[in-house]
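Student: Quick one: sequence and predicted model below, then my questions.
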Amino acid sequence: MNIPDSLLPDSFYIVAWLLWTLLSLFLAWRTPWKQLLDSLKSNIWLGMIVLLSMFWSMKAGVHPGLNIHLLGATVFTLSMGPYLAYFGLCLILAIVTFNQGGMWDAYAINALLMCGVSVFVSSTIWRLVDIYLPKHFFVYIFINGFLGAAVTLFCVGVAACLTFSFSGVYPFADLLDGYLLYFLLLGFSEAWLSGMVMTLFVIYRPAWVATFDDARYLANK
């Protein structure tokens, strides 16, 4: 994650900017921006941006581009919904990019990997759980909050490894042994942190969670 400007071939950055622009324009039309007119919603959205900006700034790595950090994308997606979460994560990435010297050439490809992939996976897991599994509080917490967060982080790692491999920057075998395995370890931290936060939210502040409904998950259980 956090690919620098000069690591990949120029064609990857150009294609990424094109895809990110088209995706963002499409999602902007479907984003419920009016929700941010509510002071509670806007404060939650901005608060998560500030908090996750600090998490994204704290990362560890050895080689260029091969660094890892907590995402928090699952909490953002479950709390605000996928559309507002996507643009919130893109804003977080912009803040981190600016603070770390402004590597804007790689912004789009980082946004596709860390924002696009993470929100897509998190929201897909939530929708599948909502459709196929029982509407129960513990199902929501453990599958969406805990397992969903770990799977989301790992999928971002897989997407990053495939990007490095297809670009010819790093051999996939080296990425598998020296990079992707760390996502499995970090996935436990992501799962526990996200799961605990979502548990606190749905117990004490259910109004903060757009994807949780007391009537569906708690009534008559």
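Tutor: In hand now; what should we look at?
Student: pLDDT below threshold where in the chain?
Tutor: Residues of the chain meeting the criterion pLDDT under 70: 1, 61-62, 64, 219-221.
Student: And the strands in it?
Tutor: Taking DSSP state E as the test, the strands found in the chain are 60-61, 67-68.
Student: And the helices in this protein, which stretches?
Tutor: Counting by DSSP state H, one finds helices in the chain at the ranges 10-30, 39-57, 73-80, 82-99, 107-110, 118-132, 137-139, 148-167, 172-175, 181-204, 214-217.
Student: Would you mind saying which of the ones you listed lies nearest Pro4?
Tutor: When the helices of the chain are compared for distance to Pro4 using CB to CB, the nearest one is helix 107-110, at 9.5 Å. For the C-beta atoms, the positions are set from N, CA and C on the backbone; glycine is no exception.
Student: From the centroid of this protein, which residue is nearest?
Tutor: Centre of the chain computed as the mean C-alpha position; nearest residue by CA atoms, centre = their mean is Ala73, 3.0 Å away.
Student: That residue and Thr152 touch, don't they?
Tutor: Yes - under the criterion of CB atoms under 8 Å, Ala73 is in contact with Thr152, at a separation of 5.9 Å.
Student: Overlap of the contact sets of the two?
Tutor: Both Ala73 and Thr152 are in contact with 118, 122, where contact means CB atoms under 8 Å, 6 or more residues apart in numbering.
Student: where's the residue nearest to the centre of the chain relative to Val15, distance?
Tutor: Ala73 sits 23 Å away from Val15, taking CB to CB, to the nearest Å as the criterion.
Student: Likewise for Phe55?
Tutor: 28 Å.
Student: ditto for Leu112
Tutor: Counting by CB to CB, the gap from Leu112 to Val15 is 10 Å.
Student: For the two, indicate the residue with more neighbours.
Tutor: Taking Leu112 and Val15 together and counting by other CB atoms under 10 Å, Leu112 has the greater number of neighbours (20 against 14).
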